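Colleague: Attaching a predicted model along with its sequence, questions to come.
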Amino acid sequence: MAEFLALVRRDVDRFSEAEFAPLLEPEAQRVRELYTEGVLRRVWSRKDVLGAVLLIEADSLEAAQAVLRTLPLAQRDMLGVDAVVPLAAYRGFAPRG
């Protein structure tokens, strides 16, 4: 398994708050399900835009992107994905030998 950092945001340029409102609880429920399944390791709200940062555990970049597509906002094309970045362990923390 690998880890991926995803930056997502609501597409507020194309959709109103009223259009988002009925989907926010289903979105949160899906995030809770993915967290319970161990797919999402951490989730943060973004302070720069309406959105989130998700730490995803998946076998590949494609699998991480597929996880994002299961979110209700993504399924309705209301979610922008700014980046999905593959992560690696920081070499500075490796044992010195």
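Modeller: Looks like it arrived, so ask away. As the structure is a prediction and not an experimental result, all values here were calculated from the model.
Colleague: name the element residue 32 belongs to?
Modeller: Using DSSP states H and E, residue 32 sits in helix 17-36.
Colleague: Next SSE downstream of that helix?
Modeller: strand 40-45.
Colleague: Name the strands paired with that next one and say parallel or antiparallel.
Modeller: strand 51-58 (antiparallel) (DSSP bridges).
Colleague: Now the strand it pairs with: average pLDDT?
Modeller: Averaged across strand 51-58, the pLDDT comes to 98.
Colleague: just the angle between it and helix 17-36, please?
Modeller: 30 degrees (axes from the mean of the first three to the mean of the last three Cα atoms, to 10 degrees).
Colleague: ok, residues contacting strand 51-58?
Modeller: Here strand 51-58 makes contact (Cβ atoms under 8 Å, 6 or more residues apart in numbering) with 1-10, 31, 38-46, 64, 66-68, 80, 82, 84. (Glycine included, C-beta is placed from N, CA and C.)
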